[in-house]
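Visitor: Sequence plus predicted model, see below.
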Number of protein chains: 2
Amino acid sequence: MKLQIAIDLTEMGKALCLAEKVKDIVDIVEIGTPLIIKEGMHPVRALKSKFPELCVLADTKIMDGGAIECHDACEAGADIVTVLALADQATITEVVKTAHAAGKQVLADLIGVDDLATKAQLCLTLGVDLIGVHTGVDRQKQGGTPLKDLTLLAEKIDPSKIAVAGGVSLQTIDDYVRLKPGIIIAGSALYNAADIKQAALAMKGCLRK
Amino acid sequence: MKLQIAIDLTEMGKALCLAEKVKDIVDIVEIGTPLIIKEGMHPVRALKSKFPELCVLADTKIMDGGAIECHDACEAGADIVTVLALADQATITEVVKTAHAAGKQVLADLIGVDDLATKAQLCLTLGVDLIGVHTGVDRQKQGGTPLKDLTLLAEKIDPSKIAVAGGVSLQTIDDYVRLKPGIIIAGSALYNAADIKQAALAMKGCLRK
């Protein structure tokens, strides 16, 4: 089970500084969509040029233009690129083809999908490597969590292929660990912690229980 | 009826140069998603700082984090920001609230939506200003066009609120003009033309017929 930090800050300097603090604790550093919309692939490139061994996920949430957008993310150094599971099959296929040709992985984000199991199966058939069970931040504000979705999906597909995101914290992480997803993603619970290293170490400890 | 150029190139210098060439002919310049994924809001900022009067659309395709992502696009100078119609209602609402507070407009992109009329009506109810009927580039490669969707939707909602995109060219533009959408968006038919100014003038001419 891997721990991923999702850095959804929009100040590039601060985001890179946070990534540096936890790079030896977490398994994957995610450059979040808000920072990509503001700064493009520059933070991904900066992170990979400083720490080539670090696994970096670019949360591009590709919806169209699969080849070109995935190409630029891979070229900037992203190890994992995200596509929306709601995208056209042609787009998902283009993203998979482009990422795999570059030796990179693809995560299909199920955000907004109703029939999780069917769509997840389809994405896996199209060659996607990882399936993201994701309650968006706007839905979280209304009390949503990804726990129910993860429970449902972990019965239908190999849980080691699932990455779960959406408000995971030290208080709730055990509920997720129990379902054995391949990746647990934590965002503000880490980067808003008083001591981000300690918080990351504590979460990492929960994964080993 | 307005003419919008969608610049889906990923070289910022080239994109800005093209925008400059047609800025007095087209009504709206769109910085496309591929360039945003690569360079963030930098091209939007560059364009607006050089040509403050130019109407710039940032094709952010927001799917989550409505407030933060829309804020950054507006702050960079975008006059119109896009949200995916497939996004959660909470996200669309956040985007609308944020854009309107900044005096900007929101286009909801129907890409990937099955029930166009229902979703378009919902988006308008949520305060969205414009509805994008959009056949993505990956779907276009399979022969898809937005003409059928535009025909259907123009019967259900005020056509002046519709922007249509997806392979519109000088050969096909008359079919779209006939349906009187508010905005016709052309991409590669303009920026790949031998003479982009002439192509834009010719398209603009078709809108006035």
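Guide: Yep, it's here.

Visitor: what pairs with the longest strand anywhere in chain A, and is each one parallel or antiparallel?
Guide: As assigned by DSSP state E, the longest strand anywhere in chain A is strand A:55-62. Here strand A:55-62 has these sheet partners by DSSP bridges: strand A:28-31 (parallel), strand A:80-84 (parallel).

Visitor: Skip ahead from the lowest-mean-pLDDT helix or strand in chain A and say which helix or strand is next.
Guide: Lowest on mean pLDDT, DSSP states H and E among the helices and strands of chain A sits helix A:137-140, with a mean of 88. Per DSSP states H and E, the first helix or strand lying C-terminal to helix A:137-140 is helix A:147-154.

Visitor: Beyond that following helix, next helix or strand please.
Guide: Next along from helix A:147-154, by DSSP H and E: strand A:162-165.

Visitor: Could you tell me which residues of chain A lie near chain B?
Guide: Residues of chain A found near chain B (Cβ under 8 Å from any Cβ of the partner chain) are A:8, A:10, A:32-34, A:36-42, A:60-66, A:68-69, A:72-73, A:76, A:84, A:86-88, A:90-91, A:94, A:111-112, A:136-139, A:141-142. Where C-beta positions appear, they are placed from N, C-alpha and C, glycine not excepted.

Visitor: which of the residues you listed count as buried?
Guide: Burial by neighbour count, 16 or more other Cβ atoms under 10 Å in any protein chain shown: within these this picks out A:8, A:10, A:32-34, A:36-42, A:60-66, A:68-69, A:72-73, A:76, A:84, A:86-88, A:90-91, A:94, A:111-112, A:136-139.

Visitor: quick one: which of these sit in strands?
Guide: A:60-62, A:84.

Visitor: From the contact counts, what lies against the least confident helix or strand of chain A?
Guide: The contact analysis (3 or more Cβ pairs under 8 Å, 6 or more residues apart in numbering or on different chains; DSSP states H and E) places helix A:137-140 against helix B:89-101.

Visitor: Rounded mean pLDDT for the helix it packs on, please.
Guide: The average pLDDT for helix B:89-101 rounds to 98.

Visitor: Name the residues that touch that helix?
Guide: By Cβ atoms under 8 Å, 6 or more residues apart in numbering or on different chains, the surrounding residues in contact with helix B:89-101 are A:136, A:138-139, A:141-142, B:62-67, B:69-71, B:74, B:81, B:83, B:85, B:87, B:105-106, B:108, B:122-123, B:126-128.

Visitor: Mind listing what's buried along it?
Guide: Buried-residue list, helix B:89-101, by 16+ other Cβ under 10 Å: B:90-99.

Visitor: Can I get those residues in CSV including distance to B:Cys206?
Guide: CSV is the format used below for the buried residues of helix B:89-101 (distance: Cβ to Cβ, whole Å):
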residue, distance to B:Cys206
B:Ala90, 40
B:Thr91, 35
B:Ile92, 32
B:Thr93, 36
B:Glu94, 37
B:Val95, 32
B:Val96, 32
B:Lys97, 36
B:Thr98, 35
B:Ala99, 30
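
Visitor: hang on, isn't A:Ala202 packed against A:Leu170?
Guide: Yes. Assessed by Cβ atoms under 8 Å, A:Ala202 is found in contact with A:Leu170 at 5.8 Å.

Visitor: element containing A:Asp175?
Guide: Using DSSP H and E, A:Asp175 sits in helix A:173-177.

Visitor: mind listing what the residue lying closest to A:Gln4 once chain neighbours are set aside touches?
Guide: Leaving out its chain neighbours, the residue that sits closest to A:Gln4 by Cβ to Cβ, 6 or more residues apart in numbering or on different chains is A:Ile28, at 3.9 Å. Residues near A:Ile28 by Cβ under 8 Å, 6+ apart: A:2-5, A:55-57, A:79-80, A:183.

Visitor: and the two most separated of those residues?
Guide: Greatest spatial distance among those (Cβ to Cβ): A:Leu3 and A:Asp79, at 15.2 Å.

Visitor: follow-up on the earlier one: turn the ones in strands among the buried ones among the residues of chain A next to chain B into CSV, including pLDDT.
Guide: Supplementary listing: these in CSV, determined by pLDDT from 0 to 100:
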residue, pLDDT
A:Thr60, 98
A:Lys61, 98
A:Ile62, 98
A:Leu84, 98
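
Visitor: so where's chain A uncertain?
Guide: Residue ranges of chain A with pLDDT under 70: none are present.

Visitor: Tell me the buried residues in the helix holding A:Asp175?
Guide: Of the residues in helix A:173-177, A:173, A:176-177 count as buried by neighbour count, 16+ other Cβ under 10 Å.

Visitor: Please apply the same query to stretch A:194-203.
Guide: Under 16+ other Cβ under 10 Å, the buried positions of stretch A:194-203 are A:196, A:199-200, A:203.

Visitor: again with stretch A:139-151
Guide: Neighbour counts over stretch A:139-151 (16+ other Cβ under 10 Å) mark A:139-140, A:144-147, A:149-150 as buried.

Visitor: what does that stretch rub up against?
Guide: Contact partners of stretch A:139-151, identified using Cβ under 8 Å, 6+ apart, comprise A:110, A:116, A:133-136, A:162, A:164-168, A:172, A:175-176, A:179, A:181, B:64, B:88, B:90-91.
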